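Visitor: Coordinates only, no sequence provided:
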């Protein structure tokens, strides 16, 4: 039989007055009453449908509240999870603990492995404080005897959090090489992705559709997305000289370092050619003389 001291129960209720499940339970009465009252004013078929939806909602909410109450009862009884569990069970326990924290911190999902009750963490976070929060939370999980954190501080492009609507993936080696080529030619690292995208997309627009698709098949997804012609409202004549190509790139971005526009373009295209050696000759065949010479330079 489960007993709770009245004073302890009162204190616990006061502490959890604004807990999500408490707010959920408190709010159930109003929508339920409103739904029933509204259903009485609807045609019979629609009323039945509205009441069935309400019943499903109440059952779902009831299961949630029941689960929360079971967790409260478990904690108030002074019981604790068994620390002597297999590594696979402990890994699942850690993931369950990290779920709400990852959502609150708005960071990509942390990859968790456990070896001999030591947790190994891999992933990306936006700041040192977020890494520390995750590591402390994992260390506090019953059964964890140590934490080895390989969390990388710094999200790619600085803004790729789950709330942005896409998962964050590690950049490919090809993308790193292209960004390094731009940086070595004088582009600031903070704007290198913008510059590389402008160069690749403008150069892609200069290549006929069939050859562009062939080049794209040899590129990883994060580079292929950059190797897409820019959207334009009017059709422009194809660039035939280096000056024309650089002018088109400049129209896409103002991040090119002044005086180094040609040098940066050459460096990025040189790296692109190194990434698609199978298509280098075919690309050269469809370019005018001056651009062909720049493409083939070593």
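Guide: Yep, that arrived. Only a predicted model underlies this, so the values are computations on that prediction, with no experimental measurement involved.
Visitor: can you tell me which helix or strand residue 226 belongs to?
Guide: Under the criterion of DSSP states H and E, residue 226 resides outside all helices and strands.
Visitor: what about it, neighbour count?
Guide: By the criterion of other Cβ atoms under 10 Å, residue 226 has 19 neighbours. Heads up, the C-betas are built off the backbone N, CA and C, glycines and all.
Visitor: quick one, phi psi at it?
Guide: Residue 226 adopts backbone torsions of phi -80, psi -30, taken as degrees, to the nearest 10.
Visitor: wait, what's in contact with it?
Guide: 175, 178, 193, 196, 197, 200, 201 (Cβ atoms under 8 Å, 6 or more residues apart in numbering).
Visitor: pull the helix or strand with minimum mean pLDDT from the protein.
Guide: helix 6-15 (a mean of 50; mean pLDDT, DSSP states H and E).
Visitor: Mind jotting down where the strands sit in the stretch 1-150 of the chain?
Guide: 111-115, 118-125, 146-153 (DSSP state E, counting those that start in this stretch).
Visitor: what pairs with the shortest one, and is each one parallel or antiparallel?
Guide: This points to strand 111-115. Looking at strand 111-115 with DSSP bridges, its paired strands and their directions are strand 118-125 (antiparallel).
Visitor: picking up where we left off before, Serialize the contacts of residue 226 to JSON lines and add fields for secondary structure, pLDDT and neighbour count.
Guide: Converted to JSON lines, the contacts of residue 226 look like this (DSSP: H, G, I helix; E, B strand; the rest coil; pLDDT from 0 to 100; neighbours: other Cβ atoms under 10 Å):
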{"residue": "175", "secondary structure": "helix", "pLDDT": "93", "neighbour count": "21"}
{"residue": "178", "secondary structure": "helix", "pLDDT": "96", "neighbour count": "31"}
{"residue": "193", "secondary structure": "helix", "pLDDT": "90", "neighbour count": "21"}
{"residue": "196", "secondary structure": "helix", "pLDDT": "93", "neighbour count": "27"}
{"residue": "197", "secondary structure": "helix", "pLDDT": "87", "neighbour count": "19"}
{"residue": "200", "secondary structure": "helix", "pLDDT": "93", "neighbour count": "24"}
{"residue": "201", "secondary structure": "helix", "pLDDT": "87", "neighbour count": "20"}
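Visitor: So which of the residues you listed is the closest to residue 115?
Guide: Nearest to residue 115 among the contacts of residue 226, counting by Cβ to Cβ, is residue 175 at 31.6 Å.
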